[in-house]
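**Student:** Predicted coordinates and the sequence they were generated for:
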Amino acid sequence: MSDIRVTAHVTPNPNTLKFLLDRQLFQSGTFNFETKESAKGSSLPYALFEITGIEGVMVGPNFVSVTKTPSLDWADVAEPIITTLKGVIANEDEYVDEALRVNHAASGSDSDDVAKIKSILDNEIRPAVAMDGGDIVFNNYTDGILTLQLQGACSSCPSSIMTLKMGIEARLKEEVPSLREVVQL
């Protein structure tokens, strides 16, 4: 267990820390768990929800973002989180239920605008957001309204609305003139 390196990084969300791992858990994408119930069958997030005060877990390819209740101090939960991460990673082969993976990539049935949106999200926006311990997932595009789901550190970040409107919406409008608005699911 001691050969697994875990480093904690602050995120723009004061209630979420990103725990960077020295190994890959899987190739790509993220898995978001908002409750202990949703984590059943996924050993890593389920074990983290066993820690009192954990409100959310997002597992990425080489990081885990953990959101705590605002009333707790990180000093109270950071060490148990790191210990749990090391324990599960050292003793398990599969950390999340792969059946929960959702494919958000562009498909042949997507309109040109949806394909452009998904491409920009996957190649530019999602990698940048992952650096802060979050993820942004395409949900729907109808009548010029793009609905995105914010996960991990982004889901309750104080600056998420500014990121959504001034960053993501502005960038996508450059490439997709029919886009009128970006909203959060």
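**Tutor:** The structure has been received and is ready for your questions.
**Student:** can you map out the helices along the protein?
**Tutor:** 43-49, 74-91, 112-120, 126-130, 160-162, 170-175 (DSSP state H).
**Student:** Single out the most deeply packed of those.
**Tutor:** Mean neighbours per residue, mean count of other CB atoms under 10 Å, is largest over those for helix 43-49, with a mean of 22. Glycine gets a C-beta too; all of them are placed from N, C-alpha and C.
**Student:** just checking, what packs against it?
**Tutor:** Identification of packing neighbours for helix 43-49 by 3 or more CB pairs under 8 Å, 6 or more residues apart in numbering; DSSP states H and E yields strand 31-33, strand 54-59, strand 63-68, helix 74-91.
**Student:** JSON lines please, covering those and showing mean pLDDT.
**Tutor:** Shown next, in JSON lines, are the helices and strands packed on helix 43-49 (pLDDT from 0 to 100):
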{"stretch": "strand 31-33", "mean pLDDT": "89"}
{"stretch": "strand 54-59", "mean pLDDT": "93"}
{"stretch": "strand 63-68", "mean pLDDT": "94"}
{"stretch": "helix 74-91", "mean pLDDT": "95"}
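**Student:** So which of the ones you listed is nearest residue 4?
**Tutor:** With CB to CB, the closest approach to residue 4 among the helices and strands packed on helix 43-49 belongs to helix 74-91: 4.7 Å.
**Student:** now the closest one and strand 54-59, what's the angle there?
**Tutor:** Angle, helix 74-91 to strand 54-59, by axes from the mean of the first three to the mean of the last three CA atoms, to 10 degrees: 40 degrees.
**Student:** tilt between helix 74-91 and strand 63-68?
**Tutor:** Going by the same axes, to 10 degrees, helix 74-91 makes 140 degrees with strand 63-68.
**Student:** ok so, going back, reformat the helices and strands packed on helix 43-49 as CSV; add distance to residue 7.
**Tutor:** Shown next, in CSV, are the helices and strands packed on helix 43-49 (distance: least, CB to CB, whole Å):
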stretch, distance to residue 7
strand 31-33, 21
strand 54-59, 16
strand 63-68, 10
helix 74-91, 9
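**Student:** circling back to that earlier point, and residue 61, which of the helices of the chain is closest to it?
**Tutor:** helix 126-130 (8.5 Å).
**Student:** quick revisit: which of the helices and strands packed on helix 43-49 sits closest to residue 47?
**Tutor:** Comparing the helices and strands packed on helix 43-49 by CB to CB, helix 74-91 comes nearest, at 5.1 Å.
**Student:** Can you pull out the residues in contact with stretch 89-105?
**Tutor:** 1, 4, 21, 23, 25-26, 29, 31, 41-45, 59, 88, 118, 121-122, 137-138 (CB atoms under 8 Å, 6 or more residues apart in numbering).
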